[in-house]
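*Asks:* here you go, sequence then predicted model.
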Amino acid sequence: MMARTFLSAVCFLIASAGAVIAAEPLAADPTAAAGAPGADASSVPAGAIVVTGTNSPGDAARINAAIAASPEGAEVTIRGACLIDEPIRLLGNRSYRGESRTGTVLKQADGANLVALMASSVFLDNKAWTGSPVAIRHLQLDGNRQGNPKSATAGLVLRSWLSVVEDIHIRDMGSDGLRLTNLSADGTGLKTTQVNGRIANCFIERAGRHGIFVEDTQNAVTDWILTDNWIASSGVDGIHMDNAAGWFVQRNHVYGVPQHAILARRAFATSICDNYIEGFGESEEAGQWCGIYATLQGGIGSTIANNRIFNFGGETQKQSQYRYLAVTANYGTAMVVVANNVIRGGGTPRGTAMHYRASGDRKLLLTSNDNAAADVAEPRMLEGNVVLQPGL
């Protein structure tokens with residue numbers, strides 16, 4: 001009786017201190033039950049799905065087998081260094097996580113030439129519908145461009161709605177770092193929409209094309225949040241959005257960009273705010289390059305505010321034009337508020353701080369207040385039917 005009382009008291013004290021007490025004994029990883037090597041169940045509760053990489057061929061197959069065997073609602077945990085020679089297939093209604101950006105590293109094997117390291121199953125299977133929600137956290141995707149010099153590998157390709165990506169390090173991809181797309185691997189378009197997700201706190205560096213690419217050939221990929229990301233040394237654009245409708249693009253830091261830092265097409269009730277752009281147009285290719293370039297849909301308004309847009313690398317290409325903030329009306333009457341942005345140019349004849357255009361029968365209703373610009377040839381340029389309105 002005394003022993004039982006003492007044990008109860010100890011349990012009470014542990015629980016009071018906030019400790020987690022397993023309700024069931026620890027169980028083996030489901031992949032281990034099938035004889036899969038690399039499984040580790042030393043510190044996970046019953047029913048958990050854990051795959052530990054061996055940094056050798058077969059890691060991707062073991063991860064995919066664990067995902068295929070998992071029930072809806074499962075969390076799949078990946079540990080250690082994993083050599084990836086086939087895409088990791090992300091089934092919907094599951095979460096996927098590593099232990100940290102350095103503790104879980106998925107690296108493309110030499111010569112694998114994959115379409116993606118991780119991708120929604122509906123993308124790989126060429127379905128015409130949007131995948132169910134997923135969450136992906138706390139890992140690194142390494143494209144190993146040196147070992148795949150001709151590949152067009154993307155780090156993560158998502159074709160799901162209501163999904164979350166956060167705390168991911170994506171590096172050295174032959175193509176895009178992260179692609180959110182309405183198209184499948186063979187180009188099949190969606191018959192549904194792909195909305196209401198969040199991409200946050202990711203570091204994407206040395207992508208062969210765009211750091212983040214929102215690919216939308218229809219009008220399907222809308223109403224997401226893109227926030228608090230670092231995007232460095234992309235091959236083309238830092239953030240390239242075919243469709244920015246309903247998006248929040250905020251507090252992103254973009255640098256090392258050959259063409260546009262942020263390109264946001266088809267903005268519709270869009271917010272582009274508090275981003276830090278170190279440079280853009282850092283290319284020998286002549287062109288018209290922008291720090292932020294938004295094209296606006298008619299009939300509703302958007303906001304571009306509190307951004308810091310610079311060009312630390314200078315306006316070096318003598319045949320290029322450098323527009324730090326540019327807005328164009330796509331159709332009808334578009335509306336935008338541009339406020340409290342800080343722009344510092346390169347001090348050449350090639351820089352325009354703010355450029356606004358509405359050609360043909362289009363109209364742009366513009367409220368532009370409290371912006372600051374220095375070291376540019378042209379502080380503000382209006383082309384076509386741009387109506388400058390005072391703020392209220």
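*Replies:* Arrived safely, thanks for sending.

*Asks:* part of a helix, is residue 63?
*Replies:* Yes. Assessed with DSSP: H, G, I helix; E, B strand; the rest coil, residue 63 lies in a helix.

*Asks:* need the contact list for it.
*Replies:* Shown in contact with residue 63 (C-beta atoms under 8 Å, 6 or more residues apart in numbering): 51, 76, 78, 82, 88. Every C-beta, even on glycine, is put in place using the N, C-alpha and C of the backbone.

*Asks:* taking those, tell me the two that lie furthest apart.
*Replies:* Largest separation among the contacts of residue 63 by C-beta to C-beta: 76 and 82, giving 12.4 Å.

*Asks:* more neighbours: the two, which one.
*Replies:* residue 82 (28 against 22; other C-beta atoms under 10 Å).

*Asks:* how close does that one get to residue 154?
*Replies:* Here the criterion is C-beta to C-beta, to the nearest Å. By it, residue 82 lies 17 Å from residue 154.

*Asks:* what of residue 373?
*Replies:* With distances taken as C-beta to C-beta, residue 373 is found 36 Å from residue 154.

*Asks:* then residue 208?
*Replies:* Separation of residue 208 from residue 154 (C-beta to C-beta) stands at 9 Å.

*Asks:* now do the helices in the stretch 101-250 of the chain.
*Replies:* Secondary structure of the stretch 101-250 of the chain, counting by DSSP state H, counting those that start in this stretch: helices at 121-124.

*Asks:* who has more neighbours out of residue 373 and residue 154?
*Replies:* residue 154 (30 against 20).

*Asks:* and that one, what pLDDT?
*Replies:* Predicted confidence (pLDDT) for residue 154: 99.

*Asks:* ok, now residue 29?
*Replies:* 40.

*Asks:* now swap in residue 48 and tell me
*Replies:* 82.

*Asks:* name the nearest residue to it, sequence neighbours excluded.
*Replies:* residue 77 (6.8 Å; C-beta to C-beta, 6 or more residues apart in numbering).

*Asks:* now swap in residue 244 and tell me
*Replies:* residue 264 (3.8 Å).

*Asks:* against residue 247, how distant is that neighbour?
*Replies:* Distance check for residue 264 against residue 247: by C-beta to C-beta, it reads 7 Å.

*Asks:* tell me, what's touching these two both at once?
*Replies:* Joint contacts of residue 264 and residue 247 (C-beta under 8 Å, 6+ apart) are 241, 270.

*Asks:* between the two, which has more neighbouring residues?
*Replies:* Ranked by neighbour count (other C-beta under 10 Å), residue 264 and residue 247 place residue 264 first, with 27 against 24.

*Asks:* quick check: beta-bridge partners of that one?
*Replies:* Per DSSP bridges, residues listed as beta-bridge partners of residue 264: residue 241, residue 294.

*Asks:* which residues touch it?
*Replies:* 239, 241, 244, 247, 249, 270, 272, 292, 293, 294, 295.

*Asks:* dump the residues you listed into TSV; add pLDDT as well.
*Replies:* Output for the contacts of residue 264, formatted as TSV (pLDDT from 0 to 100):
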residue	pLDDT
239	99
241	99
244	98
247	99
249	99
270	98
272	99
292	99
293	99
294	99
295	98
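
*Asks:* out of the residues you listed, who has the most neighbours?
*Replies:* Counting by other C-beta under 10 Å, top hit in the contacts of residue 264: residue 244 with 31 neighbours.

*Asks:* I figured it was touching residue 266, is that so?
*Replies:* Yes. The pair residue 244 / residue 266 is scored as a contact, 6.0 Å apart, by C-beta atoms under 8 Å.

*Asks:* which of the contacts of residue 264 lies closest to residue 194?
*Replies:* Using C-beta to C-beta, the contacts of residue 264 come closest to residue 194 at residue 247, 12.4 Å.

*Asks:* how close does the closest one get to residue 338?
*Replies:* The gap separating residue 247 from residue 338 is 17 Å, by C-beta to C-beta.

*Asks:* likewise for residue 162?
*Replies:* Distance from residue 162 to residue 338, by C-beta to C-beta: 31 Å.

*Asks:* kindly report the same for residue 355.
*Replies:* Counting by C-beta to C-beta, the gap from residue 355 to residue 338 is 11 Å.

*Asks:* so what pLDDT did residue 392 get?
*Replies:* Reported pLDDT for residue 392: 88.
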